[in-house]
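*Asks:* When you get a sec, could you give me coordinates for this:
(one chain, ligands or ions: 2)
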Amino acid sequence: MMSPSGFPPPPVKSQQQRILVLQLIASVMASTEIARQAGEGARAVPLSGHVGFDSMPDQLVNRSVNHGFCFNILCVGETGLGKSTLMDTLFNTKFEGEPTQHNQPGVTLKSNTYELQESNVRLKLTIVNTVGFGDQINKEESYKSIVEFIDAQFEAYLQEELKIKRTLHSYHDTRIHACLYFIAPTGHSLKSLDLVTMKKLDSKVNIIPIIAKSDAISKSELTKFKIKITSELVSNGVQIYQFPTDDESVAEINSTMNSHLPFAVIGSTEEVKIGNKMVKARQYPWGTVQVENENHCDFVKLREMLIRVNMEDLREQTHTRHYELYRRCKLEEMGFKDTDPDSKPFSLQETYEAKRNEFMGELQKKEEEMRQMFVQRVKEKEAELKEAEKELHEKFDRLKKLHQDEKKKLEEKKKSLDDELNTFKQKKTAAELLQNQAQQAGGSTTLKRDKERKN
Ligand SMILES: Nc1nc2c(ncn2[C@@H]2O[C@H](COP(=O)(O)OP(=O)(O)OP(=O)(O)O)[C@@H](O)[C@H]2O)c(=O)[nH]1
Ligand SMILES: [Mg+2]
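*Replies:* Numbering: from 1, shown residues only. Ligands and ions are numbered 1, 2, ... in the order given. Next comes the predicted model:
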């Protein structure tokens with residue numbers, strides 16, 4: 001029995017495993033092809049009996065199932081666009097998640113990891129939410145924290161890879177495998193925030209655009225809206241994730257689904273009885289919209305593409321395309337390269353040694369520069385000090401001369417004063433002598449007169 005879009009019936013217990021086996025066989029075949037090409041010239045020899053290495057795909061499946069899988073989804077979309085509801089609907093559970101207020105000062109990313117199990121397959125699922133996205137008046141920086149978050153996960157993986165003692169086998173890979181970009185059901189066109197954000201993210205993550213709350217938009221408007229969104233994405237050069245068409249087993253369904261993008265989805269965990277079946281739906285006064293009815297929305301297409309058919313491809317694309325690009329840029333930034341200027345292979349060891357020599361050369365150059373600068377400074381300071389010393393000497397000589405002149409002047413003055421004093425003293429003595437003589441002369445005259453009077 002096929003669903004309206006031609007999907008196989010809902011997964012029975014072993015369907016995921018079948019897909020997994022197919023994907024693993026494909027990857028084994030790809031690596032065998034690489035090995036064959038690498039070992040060209042090796043002689044093909046027939047086996048005369050069963051050896052057992054045909055169990056290789058089973059061994060791989062068993063090992064992968066035992067190890068478990070991890071998948072990380074990033075939900076980018078404005079507050080209240082139905083992100084949490086869609087995640088709950090997709091995974092048939094209730095993840096915790098409080099509604100966000102619209103008054104966030106900026107965009108922050110919140111990550112939650114859950115352990116899920118279906119049959120014997122364990123999935124470590126991480127859901128990352130953009131809290132406060134689209135709520136600021138100035139939305140210019142909104143994409144930045146998302147880009148930083150994605151890069152931080154790549155960086156953590158790269159650091160683990162570069163460690164001497166790596167534990168990649170048990171490492172919790174937090175790199176984002178799929179970014180569900182929630183578009184508001186305006187029916188008009190993409191907002192500039194959507195275009196800018198998707199443009200900034202397209203080389204870092206697999207973007208799957210979806211029209212959220214698509215029950216808010218009529219069927220004819222939806223067709224036009226999808227065409228408008230697709231043409232806007234193309235004209236702005238935004239590369240969204242394309243479901244792969246190189247694997248024959250899924251090529252047809254994937255290429256059909258590529259033409260349905262962006263998926264118009266509805267989320268609900270509410271169950272309603274339709275006929276004799278309980279189905280997930282949203283009930284309105286005018287009717288009921290069924291989440292899993294392909295005439296009502298593309299939810300089934302999204303679930304099929306994201307989880308049931310392309311989950312492994314999303315993981316692989318993340319590793320081989322997006323992480324590879326990050327790693328390459330980062331290593332080039334650090335000065336590592338695969339070839340020398342003559343395009344000859346250049347090993348990591350050679351790069352390291354070249355870098356080390358370059359660094360040591362620079363260090364020596366810097367040291368020599370510093371030494372010369374130091375000598376120059378010392379010379380300058382010495383000259384400055386000599387100049388200051390000379391000035392001090394001159395000043396001292398000037399002051400000494402001034403002092404001697406002053407002293408000489410004072411001595412001359414003292415001498416003239418002494419002379420004056422001596423002259424004065426001489427004059428004084430002479431004057432006193434004269435005065436005494438005069439007094440004595442005066443005294444004898446008076447005595448003579450007294451005698452004359454008495455007589
Ligand atoms: N009409 C309609 N409403 C929906 C749909 N999905 C969710 N809602 C409703 O939208 C409201 C917000 O849904 P959430 O799932 O909390 O949205 P959110 O994007 O996680 O919100 P924040 O985490 O606060 O950003 C709830 O009332 C949901 O019932 C949908 O497909 N159609
Ligand atoms: Mg939420």
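
*Asks:* how about the residues of the chain near ligand 1?
*Replies:* 77, 79-85, 99-100, 213, 215-216, 266-267, 282 (CB under 6 Å from any ligand atom). Quick note: C-beta positions are derived from backbone N, CA and C, even for glycine.

*Asks:* are any of the residues you listed buried, and which?
*Replies:* Among the residues of the chain next to ligand 1, those scoring as buried are 77, 79-85, 100, 213, 215, 266-267, 282 (criterion: 16 or more other CB atoms under 10 Å).

*Asks:* What's the per-residue pLDDT of the residue most central in space within the chain here?
*Replies:* By CA atoms, centre = their mean, the chain has its centre lying nearest to residue 148, at 4.1 Å. Residue 148 is assigned 94 on the pLDDT scale.

*Asks:* before we move on, the earlier item: for the buried ones among the residues of the chain next to ligand 1, which one is nearest residue 413?
*Replies:* residue 100 (99.2 Å; CB to CB).

*Asks:* which residues are contacting stretch 225-241?
*Replies:* Contacts with stretch 225-241, where a contact means CB atoms under 8 Å, 6 or more residues apart in numbering, come from 178, 183, 185-190, 195, 198-199, 202-203, 206-209, 211, 217, 261-262, 264, 314, 317.

*Asks:* ranges for the helices of the stretch 1-150 of the chain?
*Replies:* Using DSSP state H, counting those that start in this stretch, the helices assigned to the stretch 1-150 of the chain run over residues 15-38, 56-67, 83-91, 142-162.

*Asks:* Give me the nearest residue to whichever residue of the stretch 351-455 of the chain sits closest to ligand 2, chain neighbours excluded.
*Replies:* Residue of the stretch 351-455 of the chain nearest ligand 2, by CB to the ion: residue 351 (46.1 Å). The spatial neighbour of residue 351 that comes closest, neighbours along the chain excluded (CB to CB, 6 or more residues apart in numbering), is residue 336 at 5.1 Å.

*Asks:* and the one you found, how many residues sit next to it?
*Replies:* 14 (other CB atoms under 10 Å).

*Asks:* Just to be sure, it is in a strand?
*Replies:* No - when DSSP: H, G, I helix; E, B strand; the rest coil is applied, residue 336 is found to be coil, with no strand at that position.

*Asks:* Now it: phi and psi?
*Replies:* phi -80, psi 140 (degrees, to the nearest 10).

*Asks:* That one touches residue 348, doesn't it?
*Replies:* Yes - in this structure, residue 336 is within contact of residue 348 by CB atoms under 8 Å, at 6.8 Å.

*Asks:* Would you mind trimming the residues of the chain next to ligand 1 to those in range of ligand 2?
*Replies:* 83-84 (CB under 5 Å from the ion).

*Asks:* From the residues of the chain next to ligand 1, which one has the minimum pLDDT?
*Replies:* Comparing the residues of the chain next to ligand 1 by pLDDT, residue 100 comes last, at 68.

*Asks:* hey, what's residue 115 bridged with?
*Replies:* Judged by DSSP bridges, the bridge partners of residue 115 are residue 124.

*Asks:* From the contact counts, what lies against the strand or helix carrying the residue of the stretch 351-455 of the chain closest to ligand 2?
*Replies:* Following DSSP states H and E, one finds residue 351 within helix 348-454. On a contact count with 3 or more CB pairs under 8 Å, 6 or more residues apart in numbering; DSSP states H and E, helix 348-454 meets no helix or strand.

*Asks:* Any figure for the gap between residue 197 and residue 364?
*Replies:* Using CB to CB, to the nearest Å, residue 197 is found at 48 Å from residue 364.

*Asks:* Among those two, which residue is more densely surrounded?
*Replies:* Per other CB under 10 Å, whichever of residue 197 and residue 364 has more neighbours is residue 197, with 28 against 10.

*Asks:* Check what pLDDT the closest residue to that one other than its chain neighbours gets.
*Replies:* For residue 197, ignoring the flanking residues on the chain, the nearest one in space by CB to CB, 6+ apart is residue 143 at 4.4 Å. For residue 143, the pLDDT comes out at 89.

*Asks:* what's the neighbour count on residue 143?
*Replies:* 20.

*Asks:* just checking, it touches residue 194?
*Replies:* No - using CB under 8 Å, residue 143 is not in contact with residue 194, being 10.2 Å away.

*Asks:* need the strands for the stretch 151-300 of the chain, in chain order.
*Replies:* Per DSSP state E, counting those that start in this stretch, the stretch 151-300 of the chain carries strands over the ranges 178-183, 207-211, 263-264, 271-274, 277-284, 287-290.
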